[in-house]
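Participant: can you look at this prediction? I've put the sequence above it.
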Amino acid sequence: MTKTRIDKRFTALKRDGRAGLVTFITAGDPDFDTSLAILKGLPAAGADIIELGMPFSDPMADGPAIQASSQRALKAGQTMEKTLAMVGAFRAEDPATPIVLMGYYNPIYVYPAARFVADAANAGVDGLIVVDMPPEEDAELRPAAKAAGLDFIRLATPTTDARRLPAVLANSSGFVYYVSIAGITGTAAPDLSEVKAQVGHIKAKTGLPVAVGFGVKTEAQVSAIGSLADGVVVGSALVASVADSLDRNGKATSATKQQMLALVGRLSAALRHPAEATV
């Protein structure tokens, strides 16, 4: 089986003896050019894998920060075509860093799905996380994604019990995304003892890497979870950084890109030098 960029990245991380930093940003937030500049700057800042959010008007699993980022992007005119164009522009300069598109099925459905899979693969996308598509309902997308070489990454949650987990893991590839809190993104802190137990439970059932996200914001949290999992996902804190840098009209400023990438750098350092991470 051919190794994907995601496979290669986790293999390299394992060789380095550390977890990877998975960064989430919303495509087109706060505008296309600024978002593309941030996307291109993420690998040098320390991102190992990038989740690129597909803006949607009703992101039901996301908290206020990511909801607001989707609204900013849509208001600025972001479309699925533009999101895939961003990936293509990134991939032309970076052949190695994995990009996972994350979001909801509606924008894929209306694209429509078959064309989306082809265009995503051609643009250089490596995987998909479709939050509202359970295993029982994935026949419209997963087989086509697999045929195109896209990893189909599923979510496991604190409520995914032993009976449900096999269905979640079946036909998954790339990595398993463990949602560390029962709720929406960015609204609570993960319980480390629970994360440790759940990651161990998942790893006993699959050879796939496990990345942990939802509620991970600080350097100390990144460092702690990095000792328990193969990857640590940070999203709400990053899109909140964008929001904090905007001017009174909601437009990007000279600080927007710099502020975001500096935060990524600090979070990355917490994984590379965990003893130095502070709350």
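Facilitator: Received, thanks.

Participant: measure the closest residue to Leu169 other than its chain neighbours to Thr34 for me?
Facilitator: Of all residues not flanking Leu169 in the chain, Thr206 sits nearest, at 5.0 Å (Cβ to Cβ, 6 or more residues apart in numbering). From N, CA and C alone the C-beta is placed, and that goes for glycine too. According to Cβ to Cβ, to the nearest Å, Thr206 and Thr34 sit 38 Å apart.

Participant: who has more neighbours out of the two?
Facilitator: The neighbour comparison of Thr206 against Thr34 (other Cβ atoms under 10 Å) goes to Thr34, with 21 against 17.

Participant: render the CA-only coordinates of the one helix or strand that one maps to in PDB, please.
Facilitator: Per DSSP states H and E: Thr34 is located in helix 32-45. Coordinates of each C-alpha in helix 32-45 appear next as PDB, following Å, rounded to 0.1, in the frame of the first residue of the first chain:
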ATOM      1  CA  PHE A  32      -8.700  35.000   1.100                       C
ATOM      2  CA  ASP A  33      -5.200  36.600   0.900                       C
ATOM      3  CA  THR A  34      -4.600  36.700   4.600                       C
ATOM      4  CA  SER A  35      -5.800  33.200   5.100                       C
ATOM      5  CA  LEU A  36      -3.600  31.900   2.300                       C
ATOM      6  CA  ALA A  37      -0.600  33.700   3.800                       C
ATOM      7  CA  ILE A  38      -1.300  32.100   7.200                       C
ATOM      8  CA  LEU A  39      -1.700  28.700   5.600                       C
ATOM      9  CA  LYS A  40       1.600  29.000   3.800                       C
ATOM     10  CA  GLY A  41       3.300  30.100   7.000                       C
ATOM     11  CA  LEU A  42       2.100  27.300   9.200                       C
ATOM     12  CA  PRO A  43       4.700  24.600   8.500                       C
ATOM     13  CA  ALA A  44       7.700  26.900   9.200                       C
ATOM     14  CA  ALA A  45       5.900  28.100  12.400                       C
END
